[in-house]
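1. Let's see this in three dimensions:
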Amino acid sequence: MTDQHKHAKAQPALVALFVSDIHLRASLPNTVAAFFDFLHRHGKQARQLFLLGDLFEYWAGDDAIDALFNQTVISALRAVSDTGTQLYWIAGNRDFLVGEQFAKATGARLLPDPSTIVINEKKIVLAHGDQQCTDDLDYIAFRNQVRQPAWKHQFLSMPLAERTAMIEGMRQDSKIEQQNKTAAIMDVNSDAINQLFSDSGAEVMIHGHTHRPAFHTHELGIRYVLPDWECDAEEKRGGWLALYEDGQFIRFDVDGTPIVA
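-> Model prediction:
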């Protein structure tokens, strides 16, 4: 038996993968291809795959499900769930209008934000991360408004084309507003993070949203911040977090290289 085969045999089983902020859209074909490659090479090998928000650049409602680009994404996700990988979804600020029709088409289970799970006796709290950006008062007020059932019902009753145009306008306004906000305001608030640790009783927290991939140690536990994906720029970025049977978490960059530290 070669050393390579010995190493492969000793490799602990891949239990779960965590990924967020892919921001898929047809205008970024390299990012789309990289994510599909991740699903094929890694997603199908895991027992569970957790999508923690902003998979899409935006989602105007499940009646957009038949659009050609959306169908390619749905087919790629369905190919993963059809292999037996359990697929879980937490909504982000860009795709919180995903509903049961999308879930049925992909084989995903929709989870509330935040959600606490237990894997191999390890208690983990999952979130998109935007709810913990409590210093950004304008955003939190907007988030509270658009997450109301009455607002969503009214918005989804509008024609799809009108909704899409409105979302495009919101995206442009958001880009302008972000230029006038400090980096600290758009990051998670430490008290909100500590409160989530306390409320959940978890020892591990995983979230995205801030586009600031990192590993943090807190008094109540450890926190992983997932990266955003962009493979159409000169410098590629992206990646995921993996949990193995032996309880070890490993961060990977978009090329599948383990991140040390």
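2. Show me what the one helix or strand Arg78 maps to is packed against.
-> Secondary-structure element containing Arg78, defined by DSSP states H and E: helix 68-81. Secondary structure elements in contact with helix 68-81, counted by 3 or more Cβ pairs under 8 Å, 6 or more residues apart in numbering; DSSP states H and E, are helix 29-41, strand 86-90, helix 100-106. The C-beta positions use only the backbone N, C-alpha and C, and glycine is treated the same way.
3. Identify all contacting residues around that helix.
-> Helix 68-81 is touched from outside by 24-26, 32, 35-36, 39-40, 43-44, 49, 55-56, 64-65, 87, 102, 105-108, with contacts defined as Cβ atoms under 8 Å, 6 or more residues apart in numbering.
4. Repeat that for stretch 200-208.
-> Among residues not part of stretch 200-208, those counted as contacts by Cβ under 8 Å, 6+ apart are 18, 20-21, 50, 52-54, 92, 114, 116, 122-129, 132, 188, 193, 196-197, 220-228, 241, 249.
5. and Leu226, what does it touch?
-> Applying Cβ under 8 Å, 6+ apart, one finds that Leu226 lies in contact with Phe18, Val19, Ser20, Asp21, Leu52, Ile206, His207, Gly208, Pro213, Gly239, Trp240, Leu241.
6. Ser115 now?
-> By Cβ under 8 Å, 6+ apart, the contact set of Ser115 is Ile90, Val125, Leu126, Ala127.
7. Show me which of those residues is closest to Gln178.
-> Ranking these by separation from Gln178, with Cβ to Cβ as the measure, puts Ala127 on top at 20.6 Å.
8. What about that closest one, how many residues nearby?
-> When neighbours are defined as other Cβ atoms under 10 Å, Ala127 has 27 of them.
9. Wait, it touches Thr116, no?
-> No: counting by Cβ atoms under 8 Å, Thr116 is not a contact partner of Ala127; they are 9.9 Å apart.
10. picking up where we left off before, for the contacts of Ser115, please prepare a markdown table with the additional fields pLDDT and distance to Asp255.
-> A markdown table is the format used below for the contacts of Ser115 (pLDDT from 0 to 100; distance: Cβ to Cβ, whole Å):
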| residue | pLDDT | distance to Asp255 |
| --- | --- | --- |
| Ile90 | 98 | 25 |
| Val125 | 98 | 29 |
| Leu126 | 98 | 25 |
| Ala127 | 98 | 26 |
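11. For these, work out which two are farthest apart.
-> When the contacts of Ser115 are compared pair by pair using Cβ to Cβ, the two farthest from each other are Ile90 and Val125, 11.0 Å apart.
12. who's more crowded, the two?
-> The neighbour count for Ile90 versus Val125, taken as other Cβ under 10 Å, is higher for Ile90 (27 against 21).
13. Quick check: the gap between that one and Ala60.
-> Noted for Ile90: a distance of 19 Å to Ala60, by Cβ to Cβ, to the nearest Å.
14. how long is stretch 142-152 end to end?
-> End-to-end span of stretch 142-152 (Cα to Cα, to the nearest Å): 13 Å.
15. what about Met136, neighbour count?
-> Careful, residue 136 is Asp; it's not Met. Number of residues near Asp136 (other Cβ under 10 Å) recorded here: 21.
16. Actually, Leu39.
-> By other Cβ under 10 Å, the burial measure for Leu39, its neighbour count, is 20.
17. now swap in the one 3 residues further on and tell me
-> Other residues within reach of His42, judged by other Cβ under 10 Å, total 19.
18. Not counting sequence-adjacent ones, nearest residue to it?
-> With sequence-adjacent residues excluded and distances taken as Cβ to Cβ, 6 or more residues apart in numbering, His42 is closest to Leu17, at 6.2 Å.
19. Now the one you found. Its backbone dihedrals?
-> Main-chain dihedrals, Leu17, degrees, to the nearest 10: phi -120, psi 140.
20. Run through the bridge partners of it.
-> Here Leu17 sits in beta bridges with Leu49, Ala242, as judged by DSSP bridges.
21. give me phi/psi at Gln178?
-> Its backbone dihedrals place Gln178 at phi -60, psi -30, with angles given as degrees, to the nearest 10.
22. What's the separation between it and Ile65?
-> Gln178 is 29 Å from Ile65, where distance means Cβ to Cβ.
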